[in-house]
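Trainee: I'd like to go over a predicted model; first the sequence, then the structure.
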Amino acid sequence: MTDINTRAQNILSELTAIQKISLLTGADAWHTAEYAEAGLPAITMRDGPSGVRTYGKGALCFPSGCALGSSFSRETVRRVGELLGEETANNGVNLLLAPAVNIKRSPLCGRNFEYYSEDPYLTGELAYSYITGVQKNAGCCVKHFAVNNQESKRMSVNAIVSDRALADIYLRSFERAVSAKPLAVMSSYNKVNGVYASENSKLLNKTLFDEWGYDGMVISDWGAVNDIVKSVKGGLSIEMPSNKGNTEVLIKAYGSDGLTGQNIDVAALRAIKSILRAAGYKKCETDYDAHLSECAVLGEECCVLLKNDNNILPVTDSQTVIAAIGEGAVNPRFQGGGCANITPAYISNPLEAIKKRFKNVRYCSGKDLSEAVSVAEQSDVCIIFAGLGEKDESEGYDRKSIAFPAEQTKLIKAVSKVNPNTVVILTQGGVTELPFKNNVGAILLTYLLGSAYGETVARLISGEGEPSGRLAESWIAHDCDASAYPYYGNGGNVAEYGEGVFVGYRHYCTVGRKVNYPFGYGLSYTEFEQSGTAISATSGGVNVTTTVTNVGKRSGKTVVQVYAKVLNNDLAHLECELVGFTKVSLNAGESRQVGIFVPFDALRRYSYTEGKRVLYSNYLISVRENANKVITRTEIEFNAAKSEYTPDTCIGTILREHPEYAELLKPYVCLAILGNFNADVQIVNGEAVGDPVFTHIMQDMPLRALYNLTGGKFSLREFLNTIT
Ligand code: BGC
């Protein structure tokens, strides 16, 4: 069979210029144009990311991005992707508008429930797994490229972000996602450094296509195009939804200096290739019941046990008298608002699922405080269903604060006052204050689990399952603790990313900010220990091995987390950044040696000198239980390329990297310092000694200044040739 590239070329050559141009917008809101005679079918797109948005027909709702992020499990996310991909194909959809891989810059972003994490490495790894899973049966469209980290003014805001933060935080998750070869990438609404993402040639043509070698098509977010001619030239293939007005604009511009036939061909060919790939997926059979049962177990991986005093959870005795309090027990929150919102075929009811496992369960809505208190007094364990409502967090707007609903706090405090065995099942898509944290016995954070929510929660309460999630975002205590706090949510048209790379735990860990629960945190129903950790540099990265032992009484899962700190770059240092993780499942008493390989790519960080991410030579590698808790750390050194010397290179840098050049530098240093400042600085055995003030001044003196201060006693060019 002819390969897709050849077929696409053939189709392109069959199409007239007008047909090619007409292909560059949707046929309607959810389909591409069809040219049957030329052999080009139309494809159907639907949102994602947590279920196929079938408009009434019904499919399952899967865990949202916030829940999948906390799984810290590539396998779980890939499996969810596989199930979702099957349902996508079963519904006759070729392209799922998912995953959403933007970084949770601030806890206030209305769409955080759709996103995985505040960390780009975790986000990228999980997005890769999701795409690999879905694309067994349907295409993925990764969104929203790029720097779409707020909902307020999302369609016009100008995100002003440094090159370093772009490279090390905001583009990294996309780069990794794109390496899974998603069929499409969706350009976001906002501007990035002054240019709309949908016409941002630097972002699309240069970064996505040239540097990352992406081989799919870019489609616009719905209504995101500003200037269609600039978009087509900038790297966009299809404007969504259909905009025939812009087809006319393109036809008029066609052939003029502004828009060449070549521009149209590039955009159309990319579209044709992706459409052919997407159309190649076949409708598949799906067992929705089997998916639902599997999701109930997969959901356990996403739940994070924040607190569990005296092992209140799990409740293993089926005779225990349980109070299920809160409307969430019967009318559960399981998804976020906006275009990710679907009408699922089924939603499991927590109360019923709990009643299947426990004989004595009483329910009350919690609206009447005295009723709730009296039910609590007569129960052994109180399970309170709490959290933000669907309208509190949604696409289209941001939250104003991380405050927790006051009436729920009142209920939780009143119940826990009369019953210390109070468990809060916290069901929401983002971070809130936890004003009841010290009052209750246990907090189980479920995030938004989709259709199987009730079953998962009941399995976790009864101990049939174990919560093995870890926080993919820091749970800060107050709004003003947030790393982006001074810069986020001014309501204007400019979003200044003043915190740079200090996003989430990168900030909290570096400045020692206390948080309620740190990134990477999560308890288990059992306990683990790590021993014999070895960290070593190899020719391609860092090898970490550690022995994990389940020292508790039941089987369980833990996440081994590896972090790195660059020690020798010229930029502001971050205390730690996640560079590796793996989830380990162990029976009670079992021990296993676990290996994590951290490739160079995970360690590369931006260099302003090189204009790209580079490998530095010195790193502090740590194995941590969570971002705040170090188990072991070791410094490692690679033979990374030494700096290339320029007139701006400082003498101290040269002496550090090449002590043998001391003799060469010595006479000029003496001349410069003694001659101009009457101070004595000598270089002895590669070290600067003498006047302490001028020793420091000399260390940080660039060669250019040395040349000037000697009165031009040497040729800078020859000097550089000698030492490089
Ligand atoms: C959202 C996208 C979504 C699209 C189509 C937009 O408003 O930002 O995520 O895929 O609508 O529903």
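Mentor: Sure, I can see it.
Trainee: and after the longest helix along the chain, which helix or strand comes next?
Mentor: Ranked by residue count, the top helix of the chain under DSSP state H comes out as helix 261-279. Moving toward the C-terminus from helix 261-279, the next helix or strand (DSSP states H and E) is helix 288-298.
Trainee: now what about that next one, what contacts it?
Mentor: Outside helix 288-298, the residues that touch it by C-beta atoms under 8 Å, 6 or more residues apart in numbering are 59-60, 62-63, 71, 76, 79-80, 83, 86-87, 345-346, 348, 449-452, 455-456, 459, 465. Where you see a C-beta, it was placed from the backbone N, CA and C, and this is true even at glycine.
Trainee: which among those residues end up buried?
Mentor: Neighbour-count burial (16 or more other C-beta atoms under 10 Å) applied to those gives 59-60, 62-63, 71, 76, 79-80, 83, 86-87, 345, 348, 449-452, 455-456, 459, 465.
Trainee: mind listing which of these are in helices?
Mentor: With DSSP H as the criterion, helices contain 71, 76, 79-80, 83, 86-87, 455-456, 459 from among the buried ones among the contacts of helix 288-298.
Trainee: the buried ones among the contacts of helix 288-298: which ones sit near the ligand?
Mentor: By C-beta under 6 Å from any ligand atom, no member of these lies near the ligand.
Trainee: show me the strands in the stretch 301-450 of the chain, by range?
Mentor: With strands called from DSSP state E, counting those that start in this stretch, the stretch 301-450 of the chain shows them at 304-308, 321-325, 360-364, 381-386, 422-426, 442-445.
Trainee: the stretch 451-600 of the chain now?
Mentor: Going by DSSP E, counting those that start in this stretch, the stretch 451-600 of the chain shows strands at 494-496, 528-537, 541-550, 556-566, 577-586, 591-599.
Trainee: low-confidence stretches in the protein?
Mentor: 1, 640-643 (pLDDT under 70).
Trainee: circling back: from the strands of the stretch 301-450 of the chain, which stretch is densest packed?
Mentor: Per residue and on average, the most neighbours among the strands of the stretch 301-450 of the chain fall to strand 381-386, with a mean of 27 (mean count of other C-beta atoms under 10 Å).
Trainee: the stretch 201-350 of the chain against the ligand: which residues are in contact?
Mentor: Counting by C-beta under 6 Å from any ligand atom, the stretch 201-350 of the chain sits next to the ligand at 221-222, 339.
Trainee: pick the one among the ones in helices among the buried ones among the contacts of helix 288-298 closest to the ligand.
Mentor: Checking these against the ligand with C-beta to the nearest ligand atom, the nearest one is Glu87 at 16.9 Å.
Trainee: list the residues that contact the closest residue to that closest one other than its chain neighbours.
Mentor: In space, Glu87 comes closest to Ala59 once its chain neighbours are excluded; the distance is 4.6 Å by C-beta to C-beta, 6 or more residues apart in numbering. Applying C-beta under 8 Å, 6+ apart to Ala59 gives the contacts 51-52, 87, 90-91, 288, 342, 344-345.
Trainee: nearest to Met240 among these?
Mentor: Val52 (17.3 Å; C-beta to C-beta).
Trainee: Ser374 is nearest to which of the strands of the stretch 301-450 of the chain?
Mentor: With C-beta to C-beta as the measure, strand 360-364 is the member of the strands of the stretch 301-450 of the chain nearest Ser374 (8.8 Å).
Trainee: for that closest one, which outside residues touch it?
Mentor: With C-beta under 8 Å, 6+ apart, strand 360-364 has contacts from 319-325, 329-330, 351, 354-355, 371-372, 375, 378-379.
Trainee: quick check on these: which are buried?
Mentor: The buried subset of these (16+ other C-beta under 10 Å) comprises 320-325, 329, 351, 354-355, 372, 375, 379.
Trainee: alongside the ligand, which residues does this structure contribute?
Mentor: Residues of the chain lying near the ligand (C-beta under 6 Å from any ligand atom): 47, 97, 143-144, 221-222, 339.
Trainee: okay, and which of those residues map to strands?
Mentor: The strands, defined by DSSP state E, take in 47, 97, 143-144 from the residues of the chain next to the ligand.
Trainee: doesn't Leu40 make contact with Arg7?
Mentor: No: assessed by C-beta atoms under 8 Å, Arg7 is found out of contact with Leu40, at 9.2 Å.
Trainee: which residues touch Lys666?
Mentor: 682-683.
Trainee: secondary structure element holding it?
Mentor: helix 662-677.
Trainee: can you tell me how far the residue at minimal distance from the centre of the chain is from the ligand?
Mentor: The chain has Thr123 as the residue nearest its centroid, 3.0 Å off, counting by C-alpha atoms, centre = their mean. As judged by C-beta to the nearest ligand atom, to the nearest Å, Thr123 and the ligand stand 16 Å apart.
Trainee: helix, strand or coil for that residue?
Mentor: helix (DSSP: H, G, I helix; E, B strand; the rest coil).
Trainee: so what's it up against?
Mentor: Applying C-beta under 8 Å, 6+ apart, the residues contacting Thr123 are 69, 101, 103, 115-117, 173, 176.
Trainee: could those go into JSON lines alongside neighbour count, distance to Cys284 and secondary structure?
Mentor: Output for those, formatted as JSON lines (neighbours: other C-beta atoms under 10 Å; distance: C-beta to C-beta, whole Å; DSSP: H, G, I helix; E, B strand; the rest coil):
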{"residue": "Gly69", "neighbour count": "28", "distance to Cys284": "27", "secondary structure": "helix"}
{"residue": "Val101", "neighbour count": "31", "distance to Cys284": "25", "secondary structure": "coil"}
{"residue": "Ile103", "neighbour count": "28", "distance to Cys284": "33", "secondary structure": "coil"}
{"residue": "Tyr115", "neighbour count": "31", "distance to Cys284": "28", "secondary structure": "coil"}
{"residue": "Tyr116", "neighbour count": "33", "distance to Cys284": "26", "secondary structure": "coil"}
{"residue": "Ser117", "neighbour count": "29", "distance to Cys284": "30", "secondary structure": "coil"}
{"residue": "Ser173", "neighbour count": "28", "distance to Cys284": "29", "secondary structure": "helix"}
{"residue": "Arg176", "neighbour count": "23", "distance to Cys284": "27", "secondary structure": "helix"}
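Trainee: pick the one among these closest to Ile723.
Mentor: Nearest to Ile723 among those is Arg176, at 38.1 Å by C-beta to C-beta.
Trainee: nearest residue to that closest one in space, please, no chain neighbours.
Mentor: Gly124 (2.8 Å).
Trainee: in this structure that neighbour contacts Leu171, no?
Mentor: No: taking C-beta under 8 Å as the definition, Gly124 is not a contact partner of Leu171, at 10.0 Å.
Trainee: touching, Ala27 and Ala42? I think so.
Mentor: Yes: between Ala27 and Ala42 there is a contact under C-beta under 8 Å: 6.0 Å.
Trainee: give me the nearest residue to the residue of the stretch 351-500 of the chain found nearest the ligand, chain neighbours excluded.
Mentor: Nearest residue of the stretch 351-500 of the chain to the ligand: Glu395, at 6.2 Å (C-beta to the nearest ligand atom). Using C-beta to C-beta, 6+ apart and skipping the chain neighbours, the partner closest in space to Glu395 is Gly338 (2.5 Å).
Trainee: now the one you found: how far from Ser451?
Mentor: Here the criterion is C-beta to C-beta, to the nearest Å. By it, Gly338 lies 18 Å from Ser451.
Trainee: what does Lys202 give?
Mentor: In terms of C-beta to C-beta, Lys202 sits 41 Å off from Ser451.
Trainee: and if you look at Met698?
Mentor: Per C-beta to C-beta, Met698 is found 68 Å from Ser451.
Trainee: quick one: what helix or strand has Ala165 in it?
Mentor: Assigned by DSSP H and E, Ala165 falls in helix 163-165.
Trainee: could you check how far Pro344 is from the ligand?
Mentor: Using C-beta to the nearest ligand atom, Pro344 is found at 17 Å from the ligand.
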